[in-house]
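A.B. asks: predicted model, plus sequence, below.
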Amino acid sequence: MKVKNILGERFKERAYDIESQNLMTRGGYMKQVGNGIYSLFMPAKRIQNKIEQILREEMDAIDGQEVLFPVVMPATLWQSSGRFDSIGRELLRFKDRSGADMVLGMTHEEAAVQLAMNVAGTYQKYPFMIYQIQTKFRDEPRARGGLIRVREFTMKDAYSFHTSQEDLEKYYERAYRAYERIYARAGVPEVLAVKSDSGMMGGKVSHEFMLLTDIGEDTIVTCPECGFRANMEACDAITENTADAELLPLTEVFTGEAKTIEDVGEMLHMSSEKSCKAVVYQRNEDDSYVLVFCRGDREINETKLTNYLKAEIHPAQDLTNANLAAGNIGPVGLETKATVLFDRSLVGATNLVCGANREEYHFTGFTPARDLPENTVYFDLCKAVAGGVCPGCGKHSLKISRGIEVGNIFQLGKRYTEAMGMTYDSENGERKNPIMGCYGIGVGRLIASVCEAHHDDYGPIWPITIAPWQVQICALRIDDENVRAAADKLYEELEKAGAEVLYDDRAVSAGVMFSDADLLAAPVRVVISPKTLQRGCFELAARDKSFREDISAEGACEAVLAKIRELTEAVNAKVPERL
RNA sequence: CGGGGCGUAGCGCAGUUUGGUAGCGCGUUUGGUUCGGGACCAAAAGGCCGUGGGUUCAAAUCCCGUCGCCCCGACCA
């Protein structure tokens, strides 16, 4: 392929805050069509093809059967699982010409069950896994970050069916390993699996695969001591309290206008960890109040709270109907209709400051174990904190980072097979619902994430296994007939040898040529110019700057092929064995 | 869905306050000079000023509607 022929304009101007979006836009990888909707130019499509190929190989290797579900589905299919009604406007609904409700697929559990049911009615078919690589549409409230968060995207989604939990768990391990292999083969072995919240998918055990970067939308908790890692949403929070030697009596004190933890703490010379704060939420469905007490220096984990309540919530908008003294809410002497919950960060705490449920007053000397009823239950409702206690090893070692979710795996259970009535006959002739697992990877997001994690100021640094082209020939001074001849010859040889080669034979200045080459980011670059040609040499350089050397023009083709093999082997050396 | 902003040449923008023949930079085309990190000179092409209506002798500019996009927040398998 010649650079002059590929469609997609490369330019210099920065346009966005997110570097991957910037570089991929500047490099002519994609073009926006609408909010969160993109067309891909050839370079991006080639990357996507390579990732899809890796996905196919790894899914096939764990006995997957590639299938294809429809993008457009009748609403009745989604009603059969209950999700037509339970999912919000992220699911795009519309009517066909006859007025029937339709949806655009945002995930395909229902379609997978529909495809498998009635053709897997005997235990002898099990286990099996079906997967597809296809377009999904999610009507995101807010797309952003180029391909990182879009409304329409290509996804590999896989669904496994089992006759026992043990079998699912065994398969889950294989899928987990397949995912590690996929990321390693795509040149991002640093992708981390973290324990996650399973959200609207239902099910118990789930992992998200995270690429750590500052622009990530998820917060990840890791422990360098023992390797523990979890999404903040799903991370157990452990708080250690040491009891003061002397318990002070509960005393009401005047605090006037001081409402916030900071103000009250300053006034009473108390650090925030020696306080008990109240956080008020409202259930989305009826605006009823939920009141959570936790240690003053902790934050509520809204995902945990939502899961406990089994209800969507939002921070309380106004407390006028709650009969609560905002800023002075406390757990002692509280009279309210709100659901009241206590976080376990209060367990063992002593001599805290808390609201007195009276304007302008707080209590000091609040000790939950003494001042709350004996049967008070403490839940885990707070976020883990940096330097906090690791749920894995118990050390004060937790680190907090940001990450992009580039894939996930769930042990779904029977949620869909039960709801949709999919059954099989077991060995003893019983009719049973199969147990499911599901496994997803967003292809476009993975591309953007790799770019985000691997780039420099000049462009992406694609791992050779997914780079649009393996090698780029830059012919400087194409008007020099020796350069022309040498470059044409090498291009022809490399193509014949099966290398993926991009050839820049435009009569442009070196600056333009190199800048474009940095943006298109072939891992290996050959520069052919009068300067080195005088000595019978080409320059061979790596996009990631790992090498830069002169090679003899004679054996150039072989030298390039060797470098391609070398780089490819370096990526594959980090791929773990299959399970 | 709330708050803010923007739609004018392929891209990025000025012009709108105060109505009066459509501008700039980049890119593109042609010719020339340069040329190993986004060169220079000269010439040229390119716009229904998002869209519908209204006011006016006259609308990119004022008024009303509508569509789209961007940013922040809510939301997010």
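C.D. replies: Cool, got the structure. Numbers count the residues shown, from 1 in each chain, chains lettered A, B, ... in the order given.

A.B. asks: figure out the helix or strand that the closest residue to A:Val575 other than its chain neighbours lives in.
C.D. replies: With CB to CB, 6 or more residues apart in numbering as the criterion, A:Val575 has its nearest non-adjacent residue at 4.2 Å, and that residue is A:Ala184. Yep, even glycine has a C-beta here, placed from its N, CA and C like the rest. Assessed by DSSP states H and E, A:Ala184 sits inside helix A:165-185.

A.B. asks: helices or strands next to the helix or strand following that helix in the packing?
C.D. replies: Counting by DSSP H and E, the element after helix A:165-185 in chain order, helix or strand, is strand A:192-195. Judged by 3 or more CB pairs under 8 Å, 6 or more residues apart in numbering; DSSP states H and E, the packing partners of strand A:192-195 are helix A:165-185, strand A:206-212, strand A:218-222, strand A:229-231.

A.B. asks: near RNA strand B, which residues of the stretch 251-400 of chain A?
C.D. replies: A:302, A:312, A:314 (CB under 7 Å from any atom of the strand).

A.B. asks: give me the beta-bridge partners of the closest residue to RNA strand B within the stretch 301-450 of chain A?
C.D. replies: Nearest residue of the stretch 301-450 of chain A to RNA strand B, counting by CB to the nearest atom of the strand: A:Gly440, 4.1 Å away. Taking DSSP bridges as the rule, A:Gly440 bridges to A:Asp157, A:Asn408.

A.B. asks: I'd say it and A:Gly407 touch.
C.D. replies: Yes - between A:Gly440 and A:Gly407 there is a contact under CB atoms under 8 Å: 6.3 Å.

A.B. asks: do a quick rundown of the helices in the stretch 251-400 of chain A.
C.D. replies: Secondary structure of the stretch 251-400 of chain A (DSSP state H, counting those that start in this stretch): helices located at A:261-268, A:302-309, A:368-371.

A.B. asks: related to what we said a few turns ago, the helix holding A:Ala184 near RNA strand B at all?
C.D. replies: No - using CB under 7 Å from any atom of the strand, helix A:165-185 never reaches RNA strand B; the gap is at least 13.5 Å.

A.B. asks: show residues contacting that helix.
C.D. replies: Contacts to helix A:165-185, defined as CB atoms under 8 Å, 6 or more residues apart in numbering, come from residues A:54-55, A:58-59, A:61-62, A:126-127, A:129, A:158, A:160, A:162, A:189, A:191, A:193, A:205, A:207, A:209, A:406-407, A:409, A:411, A:435-437, A:439, A:441, A:465, A:571-572, A:574-579.

A.B. asks: re the thing from before, reformat the residues of the stretch 251-400 of chain A next to RNA strand B as JSON lines; add pLDDT.
C.D. replies: As requested, these are arranged in JSON lines below (pLDDT from 0 to 100):
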{"residue": "A:Glu302", "pLDDT": "88"}
{"residue": "A:Glu312", "pLDDT": "80"}
{"residue": "A:His314", "pLDDT": "82"}
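
A.B. asks: which of these are buried?
C.D. replies: A:Glu302 (16 or more other CB atoms under 10 Å).

A.B. asks: state the number of residues packed around the residue of the stretch 301-450 of chain A closest to RNA strand B.
C.D. replies: As a burial measure, A:Gly440 scores 22 neighbours (other CB atoms under 10 Å).

A.B. asks: repeat that for the one 4 residues further on.
C.D. replies: Other residues near A:Gly444 come to 23 when the count uses other CB under 10 Å.

A.B. asks: so A:Arg431 sits right up against A:Thr423, yeah?
C.D. replies: Yes - contact criterion CB under 8 Å: A:Arg431 and A:Thr423 qualify, at 4.9 Å.

A.B. asks: now do the helices in the stretch 51-200 of chain A.
C.D. replies: Going by DSSP H, counting those that start in this stretch, the stretch 51-200 of chain A shows helices at A:75-79, A:83-86, A:109-116, A:165-185.

A.B. asks: packing partners for the first one?
C.D. replies: Judged by 3+ CB pairs under 8 Å, 6+ apart, the packing partners of helix A:75-79 are helix A:83-86, strand A:101-104, helix A:109-116.

A.B. asks: and the first one, how far from the chain's centre?
C.D. replies: Pointing back at helix A:83-86 there. 24 Å (CA atoms, centre = their mean, to the nearest Å).

A.B. asks: that older thread, format the helices and strands packed on strand A:192-195 as JSON lines; extra columns: mean pLDDT.
C.D. replies: Below are the helices and strands packed on strand A:192-195 laid out as JSON lines (pLDDT from 0 to 100):
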{"stretch": "helix A:165-185", "mean pLDDT": "97"}
{"stretch": "strand A:206-212", "mean pLDDT": "93"}
{"stretch": "strand A:218-222", "mean pLDDT": "90"}
{"stretch": "strand A:229-231", "mean pLDDT": "90"}
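
A.B. asks: mean neighbour count added to the ones you listed, as a markdown table?
C.D. replies: Shown next, in a markdown table, are the helices and strands packed on strand A:192-195 (neighbours: other CB atoms under 10 Å):
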| stretch | mean neighbour count |
| --- | --- |
| helix A:165-185 | 19 |
| strand A:206-212 | 24 |
| strand A:218-222 | 21 |
| strand A:229-231 | 23 |
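
A.B. asks: what about the ones you listed, which gets the closest to A:Arg97?
C.D. replies: Nearest to A:Arg97 among the helices and strands packed on strand A:192-195 is strand A:206-212 (39.4 Å), distances taken as CB to CB.

A.B. asks: re earlier: run through the residues that contact the residue of the stretch 301-450 of chain A closest to RNA strand B.
C.D. replies: Counting by CB under 8 Å, 6+ apart, A:Gly440 touches A:107, A:155-158, A:407-409.

A.B. asks: so it versus A:Leu211, what's the distance?
C.D. replies: Plainly put, A:Gly440 is 15 Å away from A:Leu211 if you go by CB to CB, to the nearest Å.

A.B. asks: quick one, which of the contacts of helix A:165-185 are buried?
C.D. replies: Judged by 16+ other CB under 10 Å, buried ones among the contacts of helix A:165-185: A:54-55, A:58-59, A:62, A:126-127, A:129, A:158, A:160, A:162, A:189, A:191, A:193, A:205, A:207, A:209, A:406-407, A:409, A:411, A:435-437, A:439, A:441, A:465, A:571, A:575.

A.B. asks: burial count for the residue nearest to A:Ser275 when sequence neighbours are not counted?
C.D. replies: Of all residues not flanking A:Ser275 in the chain, A:Gly296 sits nearest, at 3.3 Å (CB to CB, 6+ apart). Using other CB under 10 Å, A:Gly296 is surrounded by 24 other residues.

A.B. asks: quick check, A:Gly296 in contact with A:Leu268.
C.D. replies: No - judged on CB under 8 Å, A:Gly296 makes no contact with A:Leu268 at a distance of 11.6 Å.

A.B. asks: overlap of the contact sets of the two?
C.D. replies: Contacts common to A:Gly296 and A:Leu268, judged by CB under 8 Å, 6+ apart, are A:Val353.

A.B. asks: isn't A:Tyr131 right up against A:Asp63?
C.D. replies: No - applying CB under 8 Å as the test, A:Tyr131 and A:Asp63 come out as separate, 10.4 Å apart.
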